[in-house]
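Participant: Provided below are the primary sequence and the corresponding predicted coordinates.
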Amino acid sequence: MAVFKNKPSKPTPAPAIHTLLGKEVTFNGEIHTGARSLRVEGTVDGTIHSTGEVSIAPGGLVKGTVYAKHLIVTGRAEGILKIAECLEIHGTGYVEGDVEVGSLVVDEGGTLQGVCVRRDQDTKNPEPALAGANVVAKGVPPPSLKPVDKDARKKPDGSRS
């Protein structure tokens, strides 16, 4: 009788935090992290350059410009954000300013106030994802999206239903 045993898969470790700006720390100027991750629990007033992941923790504040591959906001970011891949705004996160992203995730309770443009591979016709938007994710569609009036729908033959 053969008994097959699957090796238990090892849990994937959380990405390492290579640089931590602590809760009571204020930094003014430019930060260059390369591909190393950065976690901001204090305040940054300036510019962050990263080809890796940047996270702004609850209570953390970044005012200025962020260039990153991936940005996770559970704190507050104000200014210009140019994110090559994904911007995640979690429930306690607040982002205000001009945002350029590859993709955007806003959890319920997260806030994005400002202009958001999606990076697109087609540079001939870049379309703003949310131009001049004031997006507040609270599980309710934005006011500009009105429900469709069922009585106003047309049938394929052109008559109204």
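Facilitator: It's in.
Participant: Within the helices and strands, which one has Gly59?
Facilitator: If you go by DSSP states H and E, Gly59 is not part of any helix or strand.
Participant: how near is the closest residue in space to it that isn't next to it in sequence to Val117?
Facilitator: Closest residue to Gly59 apart from its sequence neighbours, by CB to CB, 6 or more residues apart in numbering: Gly75 at 5.8 Å. Yep, even glycine has a C-beta here, placed from its N, CA and C like the rest. Counting by CB to CB, to the nearest Å, the gap from Gly75 to Val117 is 23 Å.
Participant: Name the residue in the two with the higher neighbour count.
Facilitator: For the pair Gly75 and Val117, the greater number of neighbours falls to Gly75 (22 against 16), based on other CB atoms under 10 Å.
Participant: residues in contact with that one?
Facilitator: 40-41, 56-62, 92-94 (CB atoms under 8 Å, 6 or more residues apart in numbering).
Participant: wait, isn't Glu108 in contact with His90?
Facilitator: No. Counting by CB atoms under 8 Å, Glu108 sits too far from His90 to count as a contact (9.5 Å).
Participant: more crowded one of the two?
Facilitator: Taking other CB under 10 Å, Glu108 and His90 do not tie; His90 has more neighbours (18 against 11).
Participant: Could you count how many residues lie near the closest residue to the more buried one other than its chain neighbours?
Facilitator: Nearest non-adjacent residue to His90, counting by CB to CB, 6+ apart: Thr74, 4.5 Å away. Number of residues near Thr74 (other CB under 10 Å) recorded here: 19.
Participant: Could you do Gly46 as well?
Facilitator: Neighbours of Gly46 (other CB under 10 Å): 15.
Participant: How about it: which residues does it bridge to?
Facilitator: Under the criterion DSSP bridges, Gly46 forms beta bridges with Gly29, Gly64.
Participant: Please list all residues in contact with it.
Facilitator: Contacts for Gly46 (CB under 8 Å, 6+ apart) come out as 27-31, 63-65.
Participant: what do you get for Gly59?
Facilitator: Listed by CB under 8 Å, 6+ apart, the contact set of Gly59 reads 23, 41, 75.
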